[in-house]
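**Student:** Provided below for reference: sequence and predicted model.
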Amino acid sequence: MRNFKLGFIFLMVLVSTGLYSCLEDEDPQPIYYSAWSNMYTIGDVYYATTDGGLVLKMNEFDDSDLQFEENDRVVITFTIEEENTGGIFDYLVNLEQLYYVEEGDLVALNENSRDTIGNGYVQLSAYPLVGGDYLNLELVYEQEEGDHVFSLCYDETIQEEGEPVILELRNYYPEENDDDEYVAGLYSFNISQLQMWSEMDEDNVIEFTLRINSGDSQEQDFNLEYEVE
């Protein structure tokens, strides 16, 4: 799939459900928007539903090298062609860039899973972003031999009664090396399972904590909110 994928880059700190714009000069410049989304097709037309709930219809583009799988998780950068006042989509857009996002679910730690998850060092290149049922992360990590697997884990043994649920981000890799090569990637974890472990408040919001590098001097907590639709 990966005609539009430009490799792992730090430019993605610009990505959110908001926008960034070009500097103005004498000629009008287009405004570029970026959004975490799910991408799908209806007939031969591509659509994307953003984490903010907007439905975008994409103008025709060259997809000859696109190895597309239905409902892929992506970050798209686009310009707006026109607003649609009726029908199944909100905006007709021109696709400018597309970045694929790795997906994952919550993992409950137990005797069987604890030793296979790993706890490798990770860092974030942007503040964690919650959109819809997803926790969206831009991760930077040291490349090791073999495939890295990132897991978002729930460990009931570290939970304190009345406190927000703690979700630990863990990084498993099979073999270490000394190359010191750092790469970045985009990841989305479905956090709808939080409803099993925590009660929502009167506004249908669940507070939770994302913890990275647990037990290390680089341990860091992020206090986040998940709004249940």
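**Tutor:** That came through fine.

**Student:** run through the chain and note the low-pLDDT ranges.
**Tutor:** Residue ranges of the chain with pLDDT under 70: 1-27, 115, 143-147, 174-180.

**Student:** mind listing the helices for it?
**Tutor:** Applying DSSP state H to the chain gives helices spanning 114-117, 194-197.

**Student:** which of those helices sits most buried?
**Tutor:** helix 194-197 (a mean of 15; mean count of other C-beta atoms under 10 Å). C-beta coordinates here come from the backbone N, C-alpha and C atoms, glycine included.

**Student:** make JSON lines out of the helices of the chain and add distance to residue 131.
**Tutor:** Formatted as JSON lines, the helices of the chain follow (distance: least, C-beta to C-beta, whole Å):
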{"stretch": "helix 114-117", "distance to residue 131": "25"}
{"stretch": "helix 194-197", "distance to residue 131": "14"}
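
**Student:** so which of these is nearest residue 212?
**Tutor:** helix 114-117 (13.7 Å; C-beta to C-beta).

**Student:** contacts for the closest one next, please.
**Tutor:** Applying C-beta atoms under 8 Å, 6 or more residues apart in numbering, the external contacts of helix 114-117 come out as 107, 109, 151, 153, 170, 172.

**Student:** my read is that the fourth one contacts residue 104, right?
**Tutor:** No. No contact is recorded between residue 153 and residue 104 when judged using C-beta atoms under 8 Å, the distance being 10.4 Å.

**Student:** and these two? Which one has more around it.
**Tutor:** Legend: neighbour count by other C-beta atoms under 10 Å for residue 153 and residue 104, higher for residue 153 (19 against 16).

**Student:** quick one: contacts for the residue nearest to residue 199 when sequence neighbours are not counted?
**Tutor:** The shortest distance from residue 199 to any non-neighbouring residue, by C-beta to C-beta, 6 or more residues apart in numbering, is to residue 206 (7.5 Å). For residue 206, the contacting residues are 165, 194, 195, 198, 199, 200, 225, 226, 227, 228, by C-beta under 8 Å, 6+ apart.
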